[in-house]
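Trainee: predicted model and sequence follow; I will ask about them next.
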Amino acid sequence: MQPGMAPPDRPERGRAGFTVVEMIVSVAVIALLFVALGTCLSSSIVAERETMASAIVDDIHRNVFDRLAFELRYAGNLSLTPATNATSVTFEPVSGWAGAAPVFDPPKTLVFQQGQILLDGAVIASGISGVTMNLNGNLLTIDVNIDPATFGSGTGTAEIRQLTAQLKVQG
């Protein structure tokens with residue numbers, strides 16, 4: 001240093017910045033916040049998947065029963081195969097009315113096969129894990145089972161859902 005010059009301004013020791021301990025604590029707090037945020041995000045993604053799978057199952061149930069009710073409404077000459085806990089029903093659909101008497105079309109067959117419900121061979125519903133039908137007098141009881149895991153639940157916690165509908169049919 002040259003004579004007559006003032007020494008450069010130096011910050012006081014301990015005031016220049018953060019200490020190593022302060023930096024470690026800051027990084028640890030930020031890391032904990034990120035872990036908490038990640039956990040919340042992960043939980044919400046799982047919940048969204050389960051909700052979507054449940055909504056899909058509800059839609060399938062509704063669509064299946066709407067279609068079955070449409071096809072079997074006023075149907076005549078129902079026969080189930082086998083007679084109890086049937087997976088197939090043959091019926092004559094109504095094509096119109098002649099006065100008070102129904103006019104029937106040729107017989108059609110609804111069958112549950114390989115995860116699908118088929119009407120005369122055409123798929124009307126898929127993603128089904130089981131269907132059983134029972135006829136007691138003129139009351140047809142239909143049980144439809146759907147596994148939500150088929151539709152992306154992914155957690156394996158969702159149980160197979162069963163819905164039952166009863167339709168009054170022609171005797």
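Mentor: Received it, and whenever you're ready, just let me know what you need. From a predicted model like this one, the values you see are computed outputs, not experimental measurements.

Trainee: wait, doesn't P102 sit right on Y74?
Mentor: Yes: between P102 and Y74 there is a contact under CB atoms under 8 Å: 5.6 Å. Every C-beta, even on glycine, is put in place using the N, C-alpha and C of the backbone.

Trainee: what helix or strand is the residue nearest the centre of the chain located in?
Mentor: Centroid-nearest residue in the chain, with CA atoms, centre = their mean: A53, separated by 2.3 Å. Using DSSP states H and E, A53 sits in helix 20-72.

Trainee: sorry, back to before: tell me the pLDDT of the residue nearest to the centre of the chain.
Mentor: At A53, the pLDDT value in this model is 78.

Trainee: how about S126: what's its closest non-neighbour residue?
Mentor: Q116 (4.7 Å; CB to CB, 6 or more residues apart in numbering).

Trainee: okay, and S95 sits in which element?
Mentor: Per DSSP H and E: strand 94-98 holds S95.

Trainee: which neighbours does that strand have in its sheet, and in what orientation?
Mentor: Using DSSP bridges, the strands paired with strand 94-98 are strand 101-104 (antiparallel).

Trainee: tell me which residues are up against the strand it pairs with.
Mentor: By CB atoms under 8 Å, 6 or more residues apart in numbering, the residues outside strand 101-104 that reach it are 74, 76-77, 92-97, 170.

Trainee: mind listing what's buried along it?
Mentor: 102, 104 (16 or more other CB atoms under 10 Å).

Trainee: pull the distance from it to the chain's centre.
Mentor: Taking CA atoms, centre = their mean, to the nearest Å, one finds the center of strand 101-104 at 39 Å from the center of the full chain.

Trainee: which stretches of this protein have low pLDDT?
Mentor: 1-15, 149-159, 170-171 (pLDDT under 70).

Trainee: let's see the helix or strand just after the helix holding A53 as CSV, backbone CA atoms only.
Mentor: Sequence-wise, the next helix or strand downstream of helix 20-72 (DSSP H and E) is strand 76-81. Only the C-alpha atoms of strand 76-81 are listed here, as CSV (Å, rounded to 0.1, in the frame of the first residue of the first chain):
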residue,chain,number,x,y,z
GLY,A,76,-91.7,-61.6,-25.4
ASN,A,77,-90.7,-65.3,-25.2
LEU,A,78,-87.6,-64.7,-22.9
SER,A,79,-85.5,-67.7,-22.3
LEU,A,80,-82.3,-67.7,-20.2
THR,A,81,-79.3,-70.0,-20.8
